[in-house]
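**Q** Fold the following and give me the result.
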Amino acid sequence: MAMTPERRVYLLGATLCVALTICSGNFGDRGGPYFMASLTVAGIAYLLAVREFFATPRLERHVARRVVVIGLVLAAVWHIEFLRLPSGADDDIHRYVWDGRVQRLGYNPYLVVPSDPAVQEFHTAETRNLNNPDLSSPYPAGAQIFFRAVTAIHESTFAMKVAFELCEFAIVFVLLDILRFTGKAAHLVLAYAWNPLLAIEVAGSGHIDIVGALLLLVSAAALVRRWRAAAAVALGLAIAVKFLPVVLLPLYWKRVRICDAALAAVVVGLLYVPFLDHCRIPLGSIGTYVHSFRFNGPVFAALDQVAPPQLLAGLAVLVGLVTAILFRRASLRSAAPEWSLDQFAWPMAASLLCAPVVFPWYLLWLLPFLTSASTMLIIVWTVSIIPTYVQWHLRALGRPWGSLPGWVMVVEYGCLAIAGAMIALRRPTRWAAADAQVD
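**A** Numbers count the residues shown, from 1 in each chain. The predicted structure is shown next:
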């Protein structure tokens with residue numbers, strides 16, 4: 001007797017739960033053999049589950065509700081397993097706590113360097129060994145306000161992770177609302193909620209990117225309802241968390257008014273007022289980041305020998321902007337629905353592909369927008385990036401940071417190339433038909 005799609009989803013969800021629970025037990029040796037083996041199994045189970053989601057565009061209402069509820073409960077189980085664990089000794093979350101702390105002490109995080117002997121008394125046990133202590137903060141003003149707000153409630157990495165988990169939880173509800181409003185199947189929310197990167201990089205390590213992803217999804221939800229001012233302001237706030245979604249600006253052409261854009265610019269400008277230094281907008285260590293930081297960026301690395309890094313960073317932004325322009329032009333010509341979420345994913349993915357640094361948590365920005373078969377290549381990337389965690393294990397063994405073994409990028413981007421070729425040569429007609437029925 002053939003297994004029903006519902007039962008296959010439950011089986012894959014149970015596999016994910018077991019694999020990620022084992023992975024959480026080895027989180028202290030991130031990139032080690034047991035961590036990598038269990039996370040790889042989770043990644044494969046996730047891809048198979050996504051295939052089921054896209055291949056089954058419709059379920060009976062009571063079945064769909066049951067699948068969503070059980071799926072989210074399973075996700076909560078493995079997220080709790082990671083949430084209860086301490087973050088890595090030098091994860092970025094320690095910098096978040098430091099930035100929030102120094103703000104509350106009356107200092108500017110863009111001017112204070114954590115290793116400065118004059119501020120050593122400001123450190124706590126959780127901030128004393130933060131990474132890159134010789135640099136001031138690189139995070140934009142929106143992120144800084146968030147850090148201050150969380151540390152005002154409780155000054156700890158655990159509180160910060162709880163705040164990030166609440167943002168992840170909110171994304172589920174906003175995404176469910178968009179799916180309902182646009183007539184898509186509710187169980188597609190599990191394509192987001194089951195992605196292993198959420199467990200590792202939100203519940204485990206804790207990264208600010210999930211806050212930006214929430215704000216960006218809120219902007220998309222506002223576009224669905226043609227709440228133009230809200231859409232513009234939410235986009236501005238997302239850019240104020242990290243600069244990546246600036247490449248999405250062309251998507252808002254003729255979707256928001258000039259006055260809406262002006263309002264968003266004013267709101268973002270006001271966020272920077274507390275951090276102004278002699279009337280100058282602070283950038284912190286962003287320049288150093290672009291000039292010196294390298295990780296898992298093959299396109300940038302290939303061009304780094306022939307062009308200055310500032311120019312290549314601009315090129316990465318340009319690639320994202322051009323991708324967004326192409327999507328917007330296609331939308332205007334074909335009257336494509338305004339709410340097509342994949343339009344948000346592709347420009348950011350194109351920009352990240354050309355960036356000097358591609359950490360796994362950067363892909364958190366893409367996850368809420370991967371709800372159709374047209375984004376399958378990006379979904380594969382969220383799994384093929386798993387081998388990069390080997391870098392953390394190698395560093396624990398005393399190897400220098402930043403130089404990934406050659407095989408890692410061969411596997412990561414080789415899987416992308418193979419998946420891209422398969423999609424180009426043999427269109428997944430079943431998924432395409434499923435999307436057409438849903439749309």
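
**Q** Excluding sequence neighbours, find me the nearest residue to L16.
**A** Leaving aside its sequence neighbours, L16 sits nearest to A45 (C-beta to C-beta, 6 or more residues apart in numbering; 4.8 Å). Backbone N, C-alpha and C define where each C-beta goes, glycine included.

**Q** Does C17 touch A76 like I think?
**A** No: using C-beta atoms under 8 Å, C17 is not in contact with A76, being 10.0 Å away.

**Q** Find the centremost residue of this protein, please.
**A** In the chain, the C-alpha nearest the mean C-alpha coordinate belongs to L364, at 1.3 Å (C-alpha atoms, centre = their mean).

**Q** How about that one, nearest residue that isn't a chain neighbour?
**A** Leaving aside its chain neighbours, L364 sits nearest to D209 (4.2 Å; criterion: C-beta to C-beta, 6+ apart).

**Q** residues touching L188, list them.
**A** The contact partners of L188, taken as C-beta atoms under 8 Å, 6 or more residues apart in numbering, are F53, L179, T371, S372.

**Q** what about the closest residue to it other than its chain neighbours, how many neighbours?
**A** Counting by C-beta to C-beta, 6+ apart, L188 lies nearest to T371, which is 4.6 Å off, once chain neighbours are set aside. When counting by other C-beta atoms under 10 Å, one arrives at 29 neighbours for T371.

**Q** contacting residues for T371?
**A** Residues counted as contacts of T371 (C-beta under 8 Å, 6+ apart) are L175, L179, K184, L188, V189, A191, Y192, L341, D342.

**Q** wait, doesn't the first one sit right on L217?
**A** Yes: taking C-beta under 8 Å as the definition, L175 is a contact partner of L217 at 6.5 Å.

**Q** Give the residues shared as contacts by those two.
**A** Here L175 and L217 have P368 as joint contacts, going by C-beta under 8 Å, 6+ apart.

**Q** in the stretch 301-439 of the chain, which ranges drop under the pLDDT threshold?
**A** Filtered on pLDDT under 70, the stretch 301-439 of the chain yields the residue ranges 334-339, 427-439.

**Q** Of the contacts of L188, which is the most crowded?
**A** Among the contacts of L188, the one with the most neighbours (other C-beta under 10 Å) is T371, at 29 neighbours.

**Q** Out of the contacts of T371, which is nearest to A417?
**A** D342 (20.2 Å; C-beta to C-beta).

**Q** Quickly note the distance from that closest one to R101.
**A** According to C-beta to C-beta, to the nearest Å, D342 stands 39 Å off from R101.

**Q** Can you identify the element that follows the one helix or strand the residue nearest to L16 maps to toward the C-terminus?
**A** In the assignment (DSSP states H and E), A45 maps to helix 33-55. Sequence-wise, the next helix or strand downstream of helix 33-55 (DSSP H and E) is helix 61-83.

**Q** What's the first helix or strand after that following helix?
**A** helix 93-104.

**Q** how far off helix 93-104 does the following helix or strand past that next one point, in degrees?
**A** Sequence-wise, the next helix or strand beyond helix 93-104 is helix 141-153, with elements assigned using DSSP H and E. Interaxial angle, helix 141-153 versus helix 93-104 (axes from the mean of the first three to the mean of the last three C-alpha atoms, to 10 degrees): 80 degrees.

**Q** Let me know the average pLDDT across helix 141-153.
**A** What helix 141-153 shows for mean pLDDT is 97.

**Q** May I see the buried residues of that helix?
**A** Neighbour counts over helix 141-153 (16 or more other C-beta atoms under 10 Å) mark A141, G142, A143, Q144, I145, F146, F147, R148, V150, T151 as buried.

**Q** Identify the residues contacting the first one.
**A** Residues counted as contacts of A141 (C-beta under 8 Å, 6+ apart) are A240, V268, L271, Y272, P274, F275.

**Q** which of those has the most neighbours?
**A** Neighbour counts for the contacts of A141 (other C-beta under 10 Å) peak at A240, which has 25 neighbours.

**Q** Report the separation between it and A76.
**A** A240 is 30 Å from A76, where distance means C-beta to C-beta.

**Q** returning to what we had before: just say helix, strand or coil for the residue nearest to L188.
**A** Following DSSP: H, G, I helix; E, B strand; the rest coil, the label given to T371 is coil.

**Q** ok, now how distant is it from L216?
**A** 14 Å.

**Q** Next: A301.
**A** With distances taken as C-beta to C-beta, A301 is found 28 Å from L216.

**Q** So which of these two has more stuff around it?
**A** Ranked by neighbour count (other C-beta under 10 Å), A301 and L216 place L216 first, with 26 against 14.

**Q** Next, give phi and psi for that one.
**A** Here is the backbone geometry of L216 (degrees, to the nearest 10): phi -70, psi -40.

**Q** Please name the nearest non-neighbouring residue to it.
**A** Nearest to L216 is A238, by C-beta to C-beta, 6+ apart, at 4.2 Å.

**Q** and the one you found, how many neighbours does it have?
**A** 26.

**Q** contacting residues around R328?
**A** Here R328 is in contact with P250, L251, W253, Q343 (C-beta under 8 Å, 6+ apart).

**Q** what about L176, how many neighbours?
**A** L176: 17 neighbours (other C-beta under 10 Å).

**Q** you'd agree it is up against V189?
**A** Yes: contact criterion C-beta under 8 Å: L176 and V189 qualify, at 5.4 Å.

**Q** what touches both of these two?
**A** Shared contacts of L176 and V189, counting by C-beta under 8 Å, 6+ apart, come down to V68.

**Q** ok so, going back, identify, from the contacts of A141, the entry nearest to A229.
**A** Nearest member of the contacts of A141 to A229, counting by C-beta to C-beta, is V268, at 13.9 Å.

**Q** could you pull out the helices for the stretch 251-400 of the chain?
**A** Applying DSSP state H, counting those that start in this stretch to the stretch 251-400 of the chain gives helices spanning 258-272, 286-292, 298-303, 309-334, 342-353, 376-384, 390-396.

**Q** Rebuild the ones you listed as CSV, extending it with distance to G204.
**A** As requested, those are exported to CSV (distance: least, C-beta to C-beta, whole Å):
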stretch, distance to G204
helix 258-272, 28
helix 286-292, 23
helix 298-303, 26
helix 309-334, 27
helix 342-353, 21
helix 376-384, 15
helix 390-396, 12
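
**Q** Let me know which of those is tucked in deepest.
**A** Stretch with highest mean neighbour count among the helices of the stretch 251-400 of the chain: helix 342-353 (a mean of 24; mean count of other C-beta atoms under 10 Å).
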